[in-house]
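A.B. asks: structure for this input, please:
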Amino acid sequence: METVHVGLKGREYDIHIGPGLLARAGELISQVSDRKRMMIVTEENVAPLHLASLQAGLKAAGIESDALVLPAGEKTKSWPFFEQTVEWLLAQKVERKDLVIALGGGVIGDLTGFAAATLRRGVGFVQIPTSLLAQVDSSVGGKTGINAPQGKNLIGAFHQPALVLADVDVLDSMTKRDFLSGYGEVVKYGMLGDAKFFEWLEENGPKAAAGDQAARIAAVKRSCEMKAEIVMRDETEQGDRALLNLGHTFCHALEAATGYSDRLLHGEGVAVGCALAFELSSRLGLCSQEDPSRVRAHLKEMGMKTDLADIDGELPSAEDLVDLMGQDKKVVDGQLRFILARSIGEAFVTADVPKDAVIKVIQDALEAR
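C.D. replies: Residues are numbered from 1 along each chain as shown. Okay, the predicted model is just below:
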């Protein structure tokens, strides 16, 4: 088991990464809580695969548990299911010193974390992420929330977990497409701040996708280390934390354009968005022309969506996609902020991006479809 410590003063917690952590959940959670009854929020695809293992792991440490099983999918991250979750937790008489466990991907983690943040003005919670995407991104850093009709994650709170258990064994139950969607967030870390990690991924990414456990642990650990470092510098995204949104300005517009559907998974949108961000950086003379080519070559080698041409169905015009970016949380004083790159491993945040350059990059990508 590898451990990454998130050293936020007064809100410190550990991320444990390794195999067999569901079976050890009770033992590990007992190190941060003496409660002998816990509530689990999960969803209908995850529950048949992992709920019994988690509950057995809790019981081995003398912890009883009850579970709420919600529908799977992005639509669960909404007011009706938030209300259902809070009402259920209140019916279970959850107290402020209790811990609520989120067992699932990013949707369950975000929803459960937000419910915990608002319940009794803040109840502790544990993240047990069951997807690669959640293990390296949404389970770490305390961003919680739900979606609004106007866009993703517009309603929420910063609420750090008490513990994160990233059991790499659960990744074996993921489809290849879902695993690669999560990989979009892994490779993003190399692009934004660690050129050596990107190089390592060029060599070891295919091994991780093929099931190599050591490669998976190393990839999850480095991703969590990088996110933890950034979160400790800037917990509530006033500056540096925005770097984690490399590729996301394009991604969120594409997700909105495809109706937050299976046409484009989040990590796929991140991968396409990173390729577009590097293309835009290159055209603005910020990075070399080789960098976007290298980014796209690696994504293609992994078998990932890389271009707008890889997204099925109709897409809006370049102008309409830029308008969709206007709903992004990274808008400040009406100015859209982009994360651009000077090279692989060196990203920065800027609002000084000509709108016509953004439109041209998207137009060219649309015309290549």
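A.B. asks: what ranges do the strands span in the stretch 201-350 of the chain?
C.D. replies: Ranges of strands within the stretch 201-350 of the chain are 331-332, 335-336, 338-343, 346-350, based on DSSP state E, counting those that start in this stretch.
A.B. asks: and what of the stretch 1-150 of the chain?
C.D. replies: 2-6, 13-18, 37-43, 64-70, 99-104, 124-129, 143-148.
A.B. asks: partners of the last one, with directions?
C.D. replies: Taking DSSP bridges as the criterion, strand 143-148 sits next to strand 151-158 (antiparallel) in its sheet.
A.B. asks: got a list of contacts for the partner strand?
C.D. replies: Contact partners of strand 151-158, identified using C-beta atoms under 8 Å, 6 or more residues apart in numbering, comprise 110, 114, 117-118, 142-148, 235-236, 252, 255-256, 260, 327-329. Bear in mind the C-beta positions are built from the backbone N, C-alpha and C, glycine included.
A.B. asks: out of those, which are buried?
C.D. replies: Neighbour counting with 16 or more other C-beta atoms under 10 Å marks 110, 114, 117-118, 142-147, 235, 252, 255-256, 260, 328-329 as buried within the contacts of strand 151-158.
A.B. asks: give me the below-cutoff pLDDT ranges for the stretch 151-300 of the chain.
C.D. replies: Within the stretch 151-300 of the chain, no range satisfies pLDDT under 70.
A.B. asks: and the helices in it?
C.D. replies: 176-193, 195-209, 213-233, 248-257, 266-283, 290-301 (DSSP state H, counting those that start in this stretch).
A.B. asks: quick one: list the elements packing against the last one.
C.D. replies: The helices and strands touching helix 290-301, judged by 3 or more C-beta pairs under 8 Å, 6 or more residues apart in numbering; DSSP states H and E, are helix 176-193, helix 195-209, helix 266-283.
A.B. asks: distance from stretch 110-126 to the middle of the chain?
C.D. replies: 18 Å (C-alpha atoms, centre = their mean, to the nearest Å).
A.B. asks: buried residues, it. List them.
C.D. replies: Buried, per 16+ other C-beta under 10 Å, within stretch 110-126: 110-119, 123-126.
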